[in-house]
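[1] take this sequence and fold it.
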Amino acid sequence: MGIETLALVLVAILFGCLALGLWVGFALIAVGLAAMLMASTAPVELVFATKVWGALNIWDLTALPMFIWMGEILFRSRLSSDMFSGLAPLTGRLPGRLLHANIFGCALFAAVSGSSAATTATVGRMSVPELTRRGYDDRMIIGTLAGSGTFGFLIPPSIILIVYGAATEQSIARLFLAGIGPGLMLAALFSGYTMLWALLHRDRMPAPEPATSLADKLRAVVLLGPTILLIVAVIGSIYAGLASPTEAAVVGVLGALILSGLGGSLDWESTWGALRGATITTCMISFILAGAAFLTVAMGYTGIPRALAAWIGEQGYSANMLLAALVVFFILLGMFLDGISIVVLTTSVILPMVLAAGIDPIWFGIFLVLVVEMSQITPPVGFNLFVLQSITGRGIFQIARHAFPFFLLLVAATAILTLFPEIALWIPQTMLAR
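    Now for the predicted structure:
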């Protein structure tokens, strides 16, 4: 069987398994098994056992369940509601007013959760009823929340950056630091668009609220204090070289438990719920990683990645042309797969081409996450759209229309990052210099 025919057969098996509702991990294992049976005489069971154990027996992956657990604790505590209450008085003077609470609230919660879906759900449950009650435009309520919810993928501690780092053997600490600049840039783009929209559509904005007193602003700062302290403890310890990502994750969990206990929202029910939720999510991601590791080695036996890389090289694409083609490819893939599945499924094939084009793998990790963020708000399989559907009761495609301007802003952010790679690389380079 020729390589082209084999590749088509494997793609058909993959999408057939997904269409049947098979879990992504099982689907990846099925494709890897088919690839090895059709293209290799190697002992499948030995390759499977060795590769799966090697993929999961990585110390850096220890940070994964800890950061997920930290996010689950905060999701169930008063800290998240205090964060929103603290932001509201500080955004009242900006054009767009409380709409910015969605953007900044998602940015802050992303910095302590690492999950896009958790960020969208947590901020959305607080902000949607409040903003609707105050008369804000539904399109902007949903749009700002859908777009800003994707910060959970980019702003460290990002679960998907841990997955990418483990899959590509890149420094997770460098990836975390590389996500800070683009995350701030994206928040600035979203906030700037919201201000521009509010200035152009004054008739759709509610009446101005009474001026916020200095005492209210001081109370707001106090409410934000615990969240900011936790962010500084986690990210600051990595940047200062005091802790590895795994050690910082433990600091984050301890900090979340202490702050939840001091806030009076820590009880046995919430603690058990947080631990159970973290365990389920970690097992799901680990299973996908195991399936992807087996598929990666199976693809090596088929020779498809080498043939594809050679074909791309023969086309003479420049680095920018290759990146443009990958943007289109990942957007199409994101219509059918979730972000983590996209990363683990494509990395083994894409990364050799990226390295051959002279692209920095740390920078490419941030580029990849930005593009994958778009998949969170593209139908029919956009996780943030599903979360917002459960919160608002609106249809998937209606929510996607409201989120479309922020999709375009993500495209613009990707272009800016391509033109100015230092936005992602400057902070990691300063860390290495230290």
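[2] show me where the stretch 301-434 of the chain has helices.
    304-315, 319-334, 339-356, 361-375, 383-392, 396-419, 422-433 (DSSP state H, counting those that start in this stretch).
[3] between the ones you listed, which one is closest to residue 287.
    Residue 287 lies closest to helix 339-356 among the helices of the stretch 301-434 of the chain, at 10.5 Å (Cβ to Cβ). All C-beta atoms are positioned from the backbone trio N, CA, C, and that covers glycine.
[4] on that earlier part again, want to throw the helices of the stretch 301-434 of the chain into CSV with distance to residue 139 and mean neighbour count?
    Listed next are the helices of the stretch 301-434 of the chain as CSV, based on distance: least, Cβ to Cβ, whole Å; neighbours: other Cβ atoms under 10 Å:
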stretch, distance to residue 139, mean neighbour count
helix 304-315, 41, 14
helix 319-334, 22, 16
helix 339-356, 25, 21
helix 361-375, 19, 25
helix 383-392, 11, 21
helix 396-419, 5, 18
helix 422-433, 29, 16
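[5] take the ones you listed and lay them out in a markdown table including mean pLDDT and distance to residue 28.
    Formatted as a markdown table, the helices of the stretch 301-434 of the chain follow (pLDDT from 0 to 100; distance: least, Cβ to Cβ, whole Å):
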| stretch | mean pLDDT | distance to residue 28 |
| --- | --- | --- |
| helix 304-315 | 66 | 15 |
| helix 319-334 | 82 | 14 |
| helix 339-356 | 78 | 7 |
| helix 361-375 | 90 | 17 |
| helix 383-392 | 78 | 19 |
| helix 396-419 | 92 | 26 |
| helix 422-433 | 82 | 29 |
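[6] adding distance to residue 71 as columns, could you present the ones you listed in a markdown table?
    Listed next are the helices of the stretch 301-434 of the chain as a markdown table, based on distance: least, Cβ to Cβ, whole Å:
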| stretch | distance to residue 71 |
| --- | --- |
| helix 304-315 | 34 |
| helix 319-334 | 22 |
| helix 339-356 | 15 |
| helix 361-375 | 17 |
| helix 383-392 | 14 |
| helix 396-419 | 22 |
| helix 422-433 | 23 |
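[7] out of the ones you listed, nearest to residue 106?
    The minimum distance between residue 106 and the helices of the stretch 301-434 of the chain falls on helix 383-392, with 10.3 Å, by Cβ to Cβ.
[8] quick one: that closest one to helix 361-375, angle?
    40 degrees (axes from the mean of the first three to the mean of the last three Cα atoms, to 10 degrees).
[9] what does helix 383-392 contact?
    Here helix 383-392 makes contact (Cβ atoms under 8 Å, 6 or more residues apart in numbering) with 116-117, 120-121, 124-125, 128, 142, 145-146, 149-150, 338-339, 376-377, 379, 394-396, 399-400, 403.
[10] same deal with stretch 192-210?
    Contacts of stretch 192-210 (Cβ under 8 Å, 6+ apart): 92, 94-97, 99-100, 103, 134-137, 140, 144, 405-406, 409.
[11] so of the residues you listed, which ones are in helices?
    Members of the contacts of stretch 192-210 lying in helices (criterion: DSSP state H): 99-100, 103, 140, 144, 405-406, 409.
[12] buried members of the contacts of stretch 192-210 into ChimeraX, please.
    Typed into ChimeraX, the line below selects the buried ones among these, using 16 or more other Cβ atoms under 10 Å:
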select :92,95,96,97,99,100,103,136,137,140,144,405,406,409
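[13] wait, residue 347 touches residue 168, no?
    Yes. Applying Cβ atoms under 8 Å as the test, residue 347 and residue 168 come out as touching, 5.9 Å apart.
[14] enumerate every residue touching residue 171.
    Contact analysis of residue 171 by Cβ under 8 Å, 6+ apart lists 165, 362.
[15] and the gap between it and residue 238?
    Residue 171 sits 11 Å away from residue 238, taking Cβ to Cβ, to the nearest Å as the criterion.
[16] tally of neighbours for residue 36?
    By the criterion of other Cβ atoms under 10 Å, residue 36 has 22 neighbours.
[17] dump the residue contacts of it.
    42, 44, 47, 298, 301.
[18] 6 Å instead?
    Taking Cβ atoms under 6 Å, 6 or more residues apart in numbering, we find residue 36 in contact with 44, 298, 301.
[19] quick one: pLDDT of it?
    Looking at residue 36, its pLDDT is 88.
[20] ok and the host helix or strand of it relative to helix 339-356, angle-wise?
    Assigned by DSSP states H and E, residue 36 belongs to helix 24-39. Per the same axes, to 10 degrees, the angle that helix 24-39 makes with helix 339-356 is 50 degrees.
[21] can I get the CA coordinates of helix 24-39 in PDB?
    What follows is helix 24-39, C-alpha atoms only, in PDB (Å, rounded to 0.1, in the frame of the first residue of the first chain):
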ATOM      1  CA  VAL A  24     -10.500  10.600  21.600                       C
ATOM      2  CA  GLY A  25      -8.000   8.500  23.400                       C
ATOM      3  CA  PHE A  26      -9.500   5.300  22.100                       C
ATOM      4  CA  ALA A  27      -9.700   6.800  18.600                       C
ATOM      5  CA  LEU A  28      -6.000   7.600  18.600                       C
ATOM      6  CA  ILE A  29      -5.100   4.100  19.800                       C
ATOM      7  CA  ALA A  30      -7.300   2.600  17.100                       C
ATOM      8  CA  VAL A  31      -5.600   4.600  14.400                       C
ATOM      9  CA  GLY A  32      -2.100   3.700  15.800                       C
ATOM     10  CA  LEU A  33      -3.000   0.100  15.900                       C
ATOM     11  CA  ALA A  34      -4.200   0.100  12.300                       C
ATOM     12  CA  ALA A  35      -1.100   1.900  11.200                       C
ATOM     13  CA  MET A  36       1.200  -0.600  12.800                       C
ATOM     14  CA  LEU A  37      -0.700  -3.600  11.500                       C
ATOM     15  CA  MET A  38      -0.700  -2.300   8.000                       C
ATOM     16  CA  ALA A  39       2.900  -0.800   7.800                       C
END
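[22] what comes up buried for it?
    24-25, 27-36, 39.
[23] pull the CA atoms of the following helix or strand past it into PDB?
    The first helix or strand that comes after helix 24-39 along the chain, using DSSP H and E, is helix 44-56. Output of helix 44-56 as PDB, limited to C-alpha atoms (Å, rounded to 0.1, in the frame of the first residue of the first chain):
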ATOM      1  CA  VAL A  44       2.400  -4.000  18.600                       C
ATOM      2  CA  GLU A  45       1.800  -4.800  22.200                       C
ATOM      3  CA  LEU A  46       5.500  -4.100  23.200                       C
ATOM      4  CA  VAL A  47       5.600  -0.800  21.300                       C
ATOM      5  CA  PHE A  48       2.200   0.200  22.900                       C
ATOM      6  CA  ALA A  49       3.300  -0.600  26.500                       C
ATOM      7  CA  THR A  50       6.700   1.000  26.200                       C
ATOM      8  CA  LYS A  51       5.500   4.200  24.500                       C
ATOM      9  CA  VAL A  52       2.500   4.800  26.700                       C
ATOM     10  CA  TRP A  53       4.500   4.300  29.900                       C
ATOM     11  CA  GLY A  54       7.200   6.600  28.600                       C
ATOM     12  CA  ALA A  55       4.700   9.300  27.600                       C
ATOM     13  CA  LEU A  56       3.100   9.400  31.100                       C
END
